[in-house]
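> Give me the fold of what follows.
(chains A and B)
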Amino acid sequence: MNSKQRKTHLVVWLLLAIGLPVFIFLSVKNLDFNTNNGKTSEVTFKSESTVLKVSENEFIKVNTFKDSIEIILKKPLKNASAVVVDLNSENKSKTLGQISQAGTYRFQVDRPVEKILIMDKIKKQPITTLIL
Amino acid sequence: MALDYKLVLWNPFKKQYDKIIAIGMILYIILFAAITLVFNSETSIETLIIRSFGSLAIIMLHIILAIGPLSRLNSGFLPILYNRRHLGVSMFLAAFIHGGFSTFQFHALGDVNPIYSIFTSNMDYGSLTNFPFQVLGFLALLILFVMASTSHDFFLANLSAKVWKRLHMMVYLAYALIIAHVFLGAFQQETSLFTIGFMIIGSITVTSLHLIAAFKERKVDSIKTEVNEGWLKVCDVNEIEDDRAKIFTVDKERVAIFKYEGKLSAIHNVCKHQGGPLGEGKIIDGCVTCPWHGYQYLPNNGQSPPPYTEKVATYALKLEGSTVYINPEAFEEGTEVEPCNI
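Residues are numbered from 1 along each chain as shown, chains lettered A, B, ... in the order given. Below is the predicted model:
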């Protein structure tokens, strides 16, 4: 390398030496490294309230609490969009929220839930229903 | 050298290095797949390919970036530098497989152009945690593609060494984009202390090596010398080994003063091929031979032996007792200068 190229290399690496740590710090500071999160939540939930009812089908398991329901999605759905809908006996529906990957989802409810509908909002098709 | 262009200038060493690269890449992919399947047996084949080739490309890029400064700090690494271009092209192929599968998996199955989809499927450009990181990877892959496709000497000769070097220094921009791609992408979705730690240690190591090498060279450039009637004092003639050179800085440019067959000759230190340090090479078959890729120059006129056409600047030397002096005014490239007899 000639002197100009050597100087350019030095400037580039000085910039990277300053810029990369700042960028890395900003990008990782909000990450959650606590791998025990799931266990902690489980303990908290159990201490907060008692499971009133457990219902289950091929796709989901639903734990009913006093003022919330916990939906455990057993396997990923093939649908691009999946929305949880609360259906009561008068067939008045109320959208609770969205689910995507397999895992546990918790939704606050302000009335007893009788029936759960998982619906593909894009195709406007029911995916599964479960009577609680 | 640059008289004509063959696809690859093969020799037994190059073939051996290429075998090591290929075997290393295959072993890594197999190991990655085995470990992934042991710990997460539900991983799909597409995800496995995307992750294994992506991580392989990043590891290779760190090795590639470390070779340059390591060679400047320790000449024992020069043989690896000799094969760095093949390592770079192999790294691009790994990155291309990662990028190709990712684009197909996440963008090719919709009703819009996959490239358009990369830029528009996530428009959250103002967010750090939900940044459209695939755009950064795509831009880095474009840079790596340009570098891999112009890596042959044909482009080096036709673009000129200056333009080619500038083009290939874009690897640093690609490196920054890839770091951002990984930290804003994979880690935001699947946080792993081990992989983040690896990336941080990798970037600290590469950056430190480059800065250490750069400051070491800066120190060499700033050495002051004695001036005697316009001639600069270099060293005692006995400090130079036979068929080797002493590198000396004249007006921030480096000059290589070679001792051979009881004579001394000085030529510009920078090889016309890829800017290799000629003074770190040696005299082979009467020619100064670049340690990077074996380009050769005659020490008395700085010309590559016929039929090759590369030329470097030459300098006048004189001996007073056993002290070597150099005239700081360089002659035109390829100018014949009578060697200084010892």
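> I'd like the distance from the residue nearest to B:Cys287 when sequence neighbours are not counted to B:Glu280, if you could.
Leaving out its chain neighbours, the residue that sits closest to B:Cys287 by Cβ to Cβ, 6 or more residues apart in numbering or on different chains is B:Gln296, at 3.9 Å. (Glycine included, C-beta is placed from N, CA and C.) According to Cβ to Cβ, to the nearest Å, B:Gln296 stands 14 Å off from B:Glu280.
> Name the residue in those two with the higher neighbour count.
A count of neighbours by other Cβ atoms under 10 Å in any protein chain shown puts B:Gln296 above the other of B:Gln296 and B:Glu280, at 21 against 18.
> what's the nearest residue to B:Gln105 if we skip its chain neighbours?
Distances taken as Cβ to Cβ, 6+ apart put B:Glu46 closest to B:Gln105, at 5.1 Å, once the chain neighbours are dropped.
> ok, now which ones touch B:Tyr82?
B:Phe13, B:Lys14, B:Tyr17, B:Trp292, B:His293, B:Gly294 (Cβ atoms under 8 Å, 6 or more residues apart in numbering or on different chains).
> What is the burial count for the fourth one?
Read that as B:Trp292. 20.
> That one contacts B:Ile80, correct?
No: using Cβ atoms under 8 Å, B:Trp292 makes no contact with B:Ile80, being 10.9 Å away.
> Doesn't A:Ile118 belong to a strand?
Yes: assigned with DSSP: H, G, I helix; E, B strand; the rest coil, A:Ile118 falls within a strand.
> what's the burial count for it?
With other Cβ under 10 Å as criterion, A:Ile118 counts 21.
> ok, now how distant is it from chain B?
As defined by Cβ to the nearest Cβ, to the nearest Å, A:Ile118 lies at a distance of 21 Å from chain B.
> In terms of helices and strands, where is the closest residue to that residue other than its chain neighbours?
Closest residue in space to A:Ile118, ignoring its immediate chain neighbours: A:Ile127 at 4.4 Å, by Cβ to Cβ, 6+ apart. In the assignment (DSSP states H and E), A:Ile127 maps to strand A:125-131.
> how about low-confidence regions in the stretch 201-342 of chain B?
In the predicted model, the stretch 201-342 of chain B carries no residue with pLDDT under 70.
> about what we covered before: could you check how far the residue nearest to B:Cys287 is from B:Glu310?
From B:Gln296 to B:Glu310 the distance is 9 Å (Cβ to Cβ).
> if I pick A:Ile131, what's in contact with it?
With Cβ under 8 Å, 6+ apart, A:Ile131 has these contacts: A:Ser55, A:Glu114, A:Lys115.
> How many residues are close by the residue nearest to the last one when sequence neighbours are not counted?
Same thing as A:Lys115. Nearest in space to A:Lys115, with sequence neighbours left out and distances taken as Cβ to Cβ, 6+ apart, is A:Leu87 at 4.2 Å. Neighbourhood size, A:Leu87 [other Cβ under 10 Å]: 17.
> In the sheet, which residues pair with A:Leu87? Tell me.
Taking DSSP bridges as the rule, A:Leu87 bridges to A:Ser93, A:Lys115.
> ok, it touching A:Met119?
No: under the criterion of Cβ under 8 Å, A:Leu87 makes no contact with A:Met119, lying 10.1 Å away.
> For B:Glu333, give its distance to chain A.
Taken as Cβ to the nearest Cβ, the span from B:Glu333 to chain A is 13 Å.
> Any chance of the backbone angles for that residue?
phi -60, psi 130 (degrees, to the nearest 10).
> Could you pull up the residues touching the closest residue to it other than its chain neighbours?
Distance criterion Cβ to Cβ, 6+ apart; nearest residue to B:Glu333, sequence neighbours excluded, is B:Lys311 at 4.1 Å. B:Lys311 makes contact with B:Lys272, B:Tyr297, B:Gly302, B:Gln303, B:Ser304, B:Glu333, B:Gly334, according to Cβ under 8 Å, 6+ apart.
> Same check on A:Arg106?
A:Phe45, A:Ser68, A:Ile69, A:Glu70, A:Ile71.
> which ones among these are found in strands?
If you go by DSSP state E, these have A:Ser68, A:Ile69, A:Glu70, A:Ile71 in strands.
> Mind giving me the PyMOL select for those residues, buried ones only?
The following PyMOL line selects those of these that are buried, judged by 16 or more other Cβ atoms under 10 Å in any protein chain shown:
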select buried, chain A and resi 68+69+70+71
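> Which of the ones in strands among the contacts of A:Arg106 sits closest to B:Leu61?
A:Ile71 (42.5 Å; Cβ to Cβ).
> mind checking how far the closest residue in space to the closest one that isn't next to it in sequence is from B:Asp124?
Among residues not flanking A:Ile71 along the chain, A:Tyr105 sits closest, at 4.7 Å (Cβ to Cβ, 6+ apart). For A:Tyr105, the distance to B:Asp124 equals 22 Å [Cβ to Cβ].
> Same question for A:Ile18.
Applying Cβ to Cβ to A:Ile18 and B:Asp124 gives a distance of 26 Å.
> Just confirm A:Leu73 contacts A:Ala102, I think it does.
Yes: A:Leu73 lies in contact with A:Ala102 (Cβ under 8 Å); the separation is 5.1 Å.
> Of these two, give the one with the bigger neighbour count.
A:Leu73 (19 against 13).
> Which stretches in chain A count as helices?
Here chain A has its helices, by DSSP state H, at A:3-28, A:37-48.
> pLDDT (mean, whole number) over the first one?
Looking back up the chat, that one is helix A:3-28. Averaging pLDDT along helix A:3-28 gives 86.
> that older thread, any chance of the contacts of A:Ile131 in TSV, with pLDDT too?
Listed next are the contacts of A:Ile131 as TSV, based on pLDDT from 0 to 100:
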residue	pLDDT
A:Ser55	88
A:Glu114	85
A:Lys115	87
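> any idea which of these is closest to chain B?
A:Ser55 (25.4 Å; Cβ to the nearest Cβ).
> From B:Lys259, how far off is the closest one?
90 Å.
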